[in-house]
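*Asks:* Can you look at this prediction? I've put the sequence above it.
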Amino acid sequence: MSTDAQSGEDAGVEPEPEESEGPPMPQSTSETPSYDGEFDAIVVGAGLAGSAAALTMAEEGLDVIMLERGNSPGTKNVFGGIMFTPRIRELTDFEDAPKQRFVAQKTFSMLSEEGDATEVSMQPAAWKEEPHNDSWMVLRGDFDEWFAEQAVDAGATLITETTVTDLVREKGAIAGVETDRPDGRLHAPTVVLAEGANSLVSEGAGLAESQQRTDVAVSAKEVRKYDRETIEDRFHLTDEEGAAMHYFGDGAVGDAVGGGFIYTNKRTLSIGVVYSIEDAVHDERSPDEVLDDFKSHPAVAPLVTGGRMIEYSAHAIPEGGPDAMPDLVHDGAVITGDAAGLVLNNGLHLEGTNMAVESGYQAGKAVADAVASGRTDAAALSAYEEAMNDSWVIDNLNHYGWFLDAAAEDKEFLFDDLPRAIADAETDYFRMNDEPKTRHTKSARKRLVGAMGGYLGAAKKAWKYRKLFS
């Protein structure tokens, strides 16, 4: 399951904002502006994909309006905590962005239910140099408001506290939106749907199918506040350095396909679990109880003890891969970000924020060219789909789209047998007694090979998961 990839708008409990550490953000307007209801483009949602699209189109000279249902951008958005920033750096003066810490270290841990933990940690020196592998911990409330403001500064109009209820069609093509405001119909030749994982407008208009339960994950996350020195001491951090910690195995989320995470902000920790809804349905525990169990694991508890909870959220994450993606282009509309299912999880790469921004950028370019040509039918907008198909986004989804299905098939092995076998093997291998080391090695190897179904089973599994490293 994706732990830091999600970028959409499915919030559970309304979060209490963390103390802001930068300059105050300009306030979004919820007041009805003076307009005649006609625009070049309407963007539904002011998250990462929506703001990237609006910024790109506004810089091309289009009259753009963004509609956000929250009282400000980011208040309805929930994600693990890492923002991947290559395209954002190109679109903005990123030095001014409200960042927390850059990812200086990553840790992957296998947890057994019995309390064992096996950890692999990496701290490449290159990550500590600019641009820090384009990986930053951020708080979405602050960051999304700043990013949306970049679009406003470029000429876009942002209206908050406005829910799009339906799409307007004229002669079979999408030509605007209906909103919950009085006289709330807006017209534009193109609508950019960037509404997040809970894509009710796209589904209601027949542009996307309702997501299958097997294609969605559920996440529970809390943000806990500590003093800065506590975080830096516990995770051995200095200055702007941050740690991204990922946990797998039945010690993380029990008998489910998924995992847990901890991300370090300046004065808070983002702590959460993500696992398949299919498994959640059959788990007698609620997501917040799964989170509590994860926090109590002996390898996790010392890192998260204390502090004060200032935010709790629960939300859904699209993880259906390329087979679950809707058509990206329609007559008068394009679909971007989480609404398009653009989330990657192959167990090692957990991405979504970068895919959302890239899709918004490519959609914005295609819409600007289409409007300039005087046509906004699907054929005129097809440059967006072509750009995405040629991009690293779809290439990555196609290359790793098989992983979650494979993980579901091998759930017992990956999340139960393997963590336990690794823990037993390392116990045997490093055992201190009066036996020869060769006996310890043989015992450790026997445990690992046995968990994989013998040497033939090990060969089959190596072949099955070879694409993770290709």
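*Replies:* Arrived safely, thanks for sending.
*Asks:* So Thr92 sits against Gln150, correct?
*Replies:* Yes: judged on C-beta atoms under 8 Å, Thr92 makes contact with Gln150 at a distance of 5.0 Å. Every residue, glycine included, has its C-beta placed from N, CA and C.
*Asks:* Find the residues that touch each one of the two.
*Replies:* When C-beta atoms under 8 Å, 6 or more residues apart in numbering defines a contact, the residues bordering Thr92 and Gln150 alike are Leu55.
*Asks:* okay, now the domains of this structure?
*Replies:* 41-399, 404-469 (automatic domain parsing).
*Asks:* In a markdown table, list the ones you listed along with mean neighbour count.
*Replies:* Below are these laid out as a markdown table (neighbours: other C-beta atoms under 10 Å):
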| stretch | mean neighbour count |
| --- | --- |
| domain 41-399 | 21 |
| domain 404-469 | 15 |
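*Asks:* Would you single out the least confident of the ones you listed?
*Replies:* Lowest mean pLDDT within the domains of the chain: domain 404-469, at a mean of 87.
*Asks:* That domain: end-to-end distance?
*Replies:* Chord length of domain 404-469, first to last residue, is 16 Å (C-alpha to C-alpha, to the nearest Å).
*Asks:* And for stretch 304-324?
*Replies:* OK, stretch 304-324 end separation, C-alpha to C-alpha: 36 Å.
*Asks:* what's the answer for stretch 112-121, then?
*Replies:* End to end - C-alpha to C-alpha - stretch 112-121 spans 18 Å.
*Asks:* now stretch 404-421
*Replies:* 22 Å.
*Asks:* Contacts made by that stretch with the rest, please.
*Replies:* 1, 110-114, 116, 118, 214, 248-253, 255-257, 276, 278, 319, 321, 345, 347, 447-448, 450-452, 461, 464-465.
*Asks:* how far out from the middle of the chain is that stretch?
*Replies:* The chain centroid and the centroid of stretch 404-421 are separated by 23 Å, computed with C-alpha atoms, centre = their mean, to the nearest Å.
*Asks:* now swap in stretch 216-225 and tell me
*Replies:* Worked out by C-alpha atoms, centre = their mean, stretch 216-225 lies 12 Å from the chain centre.
*Asks:* Can we start the residue count at 15 from this point?
*Replies:* Done: numbering now begins at 15, and the last item shifts to stretch 230-239.
*Asks:* can I get the CA coordinates of it in CSV?
*Replies:* Provided in CSV are the C-alpha atoms of stretch 230-239 (Å, rounded to 0.1, in the frame of the first residue of the first chain):
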residue,chain,number,x,y,z
VAL,A,230,-8.6,1.2,-3.0
ALA,A,231,-6.6,1.4,0.2
VAL,A,232,-7.6,2.9,3.5
SER,A,233,-5.3,5.0,5.6
ALA,A,234,-5.4,6.3,9.2
LYS,A,235,-2.9,9.0,10.1
GLU,A,236,-2.2,11.2,13.1
VAL,A,237,0.2,14.2,13.5
ARG,A,238,1.8,14.5,16.9
LYS,A,239,3.6,17.6,18.1
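*Asks:* related to what we said a few turns ago, among the contacts of stretch 418-435, which lie within strands?
*Replies:* 124-125, 132, 262, 290, 359 (DSSP state E).
*Asks:* Secondary structure element holding the spatially closest residue to Glu74 that is not a sequence neighbour?
*Replies:* Leaving aside its sequence neighbours, Glu74 sits nearest to Ala382 (C-beta to C-beta, 6 or more residues apart in numbering; 3.8 Å). Taking DSSP states H and E as the definition, Ala382 sits inside helix 367-387.
*Asks:* So which elements touch that helix?
*Replies:* Counting contacts by 3 or more C-beta pairs under 8 Å, 6 or more residues apart in numbering; DSSP states H and E, helix 367-387 packs against helix 62-73, strand 96-98, helix 100-105, strand 205-207, strand 347-349, helix 392-403, helix 406-414.
*Asks:* how does it look with 6 Å?
*Replies:* If you count contacts as 3 or more C-beta pairs under 6 Å, 6 or more residues apart in numbering; DSSP states H and E, helix 367-387 packs onto helix 62-73, strand 96-98, helix 100-105, helix 392-403.
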